[in-house]
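> Provided below for reference: sequence and predicted model.
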Protein chains: 2
Amino acid sequence: MSMHPQKNIKYFWEDLPVGRTLEIGSTTVDRDEVIAFAGKYDPQPFHLDEEAAAKSMFGKLSASGWHTCSMAMALMVRGFLHESSSLGSPGLESLKWLKPVYPGDTLTLRQRITESRPMKSRPDVGLTRTLWEMFNQHGEQVLLMDGYGMFRRRTPAAVDEQSADCA
Amino acid sequence: MSMHPQKNIKYFWEDLPVGRTLEIGSTTVDRDEVIAFAGKYDPQPFHLDEEAAAKSMFGKLSASGWHTCSMAMALMVRGFLHESSSLGSPGLESLKWLKPVYPGDTLTLRQRITESRPMKSRPDVGLTRTLWEMFNQHGEQVLLMDGYGMFRRRTPAAVDEQSADCA
């Protein structure tokens, strides 16, 4: 288990400027995991049962949207956050499930920083706004998330920067 | 496994007018499940390890935000969607993790319909916008989601209703 030691941090807030795009990684969707996740957290028939799924608008067994988000998070932690000074997220401005996700799909996650500002209340922390975009093996986008992250700064804000900040 | 049979449907689109509030149910957060979820989908130290969590801003072991969403979904499926004509969701306008969620917390979910309109493209389907609000045992709100759901209609739209619809 990574203990997120300070010495391994590659990305502080200052290292995440607007426009920065990072390829985060890929994962293949496992059928048993789709069913196990749905059984616990989203037991709708089209996420659990091939026959019910065939009759649904998805056409075949598909992953819960929350499973898709969770797979994106797993990629994000292992491919980025573990090397960052992340302090978590207050939430998202938008979440879109754009296409069904099926067992056997290979999903690839990319993130792009769209806003960045110091936090007024905490001189040692900055806020970023990030787009998470996940694509399947056909190049179709399956997920869009637009949310905020808090990161410790490499260098805390100076007093005059804080007073000028309107975050 | 429920097969979502037509005959058991209690809530069609017409049964979900603006302003309708439903108490969905409660669940207690299990420590082993917090760690199991985090190990798979959000392996950040403060979701996995008591000692690391004690040093984090959460103060003690807390659930992944995605686990919190998934627990809300589990309540929503078992307490509402299974009895509805739900066809899934295209996404959310907003998702806020307002307070940490800890093992042992009892979470209670409520939903409120805030918008409702026919779908122009599908006369047999209506769209609702819904607030999901989840509270802990202290009455503190831990989660807010503001999203869309598609539901089959009890009675498909008439032609003149469709042409007047600007959804």
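Structure received. These numbers were taken from a predicted model, which means no experiment stands behind them.

> how many neighbours does residue A:21 have?
10 (other Cβ atoms under 10 Å in any protein chain shown). All C-beta spots, glycine's among them, are computed from the backbone N, C-alpha and C.

> Verify the contact between it and residue A:109 for me.
No. The criterion here is Cβ atoms under 8 Å, and residue A:21 misses it with residue A:109 at 11.6 Å.

> Compute the mean per-residue pLDDT across stretch A:134-150, please.
Per-residue pLDDT over stretch A:134-150 has a mean of 98.

> try stretch A:94-104
For stretch A:94-104, the mean pLDDT works out to 97.

> May I ask which helix or strand encompasses the residue nearest to residue A:91 when sequence neighbours are not counted?
Leaving out its chain neighbours, the residue that sits closest to residue A:91 by Cβ to Cβ, 6 or more residues apart in numbering or on different chains is residue B:96, at 3.8 Å. Here residue B:96, judged by DSSP states H and E, is contained in strand B:91-97.

> Let's test this: mean pLDDT of the helix ranked longest in chain A, rounded?
In terms of residue count, the longest helix belonging to chain A (DSSP state H) is helix A:65-79. On average, the pLDDT along helix A:65-79 is 98.

> Same check on stretch A:20-30?
For stretch A:20-30, mean pLDDT is 97.

> Pull out the buried residues from that stretch.
A:22, A:24, A:27, A:29 (16 or more other Cβ atoms under 10 Å in any protein chain shown).

> give the contact list for the residue lying closest to the last one once chain neighbours are set aside.
Just to be clear, that refers to residue A:29. Distances taken as Cβ to Cβ, 6+ apart place residue A:105 nearest to residue A:29, at 4.7 Å, with adjacent residues excluded. By Cβ atoms under 8 Å, 6 or more residues apart in numbering or on different chains, the residues touching residue A:105 are A:28, A:29, A:136, A:137, A:142.

> With residue A:50 instead?
Shown in contact with residue A:50 (Cβ under 8 Å, 6+ apart): A:60, A:61.

> measure it to residue A:34 for me?
Shown here: residue A:50 relative to residue A:34, a distance of 11 Å by Cβ to Cβ, to the nearest Å.

> Quickly list what's touching both of those two.
By Cβ under 8 Å, 6+ apart, the residues touching both residue A:50 and residue A:34 are residue A:61.

> where's the residue nearest the centre of chain A relative to residue A:143, distance?
Nearest residue to the geometric centre of chain A (Cα atoms, centre = their mean): residue A:73, 4.5 Å. Separation of residue A:73 from residue A:143 (Cβ to Cβ) stands at 11 Å.
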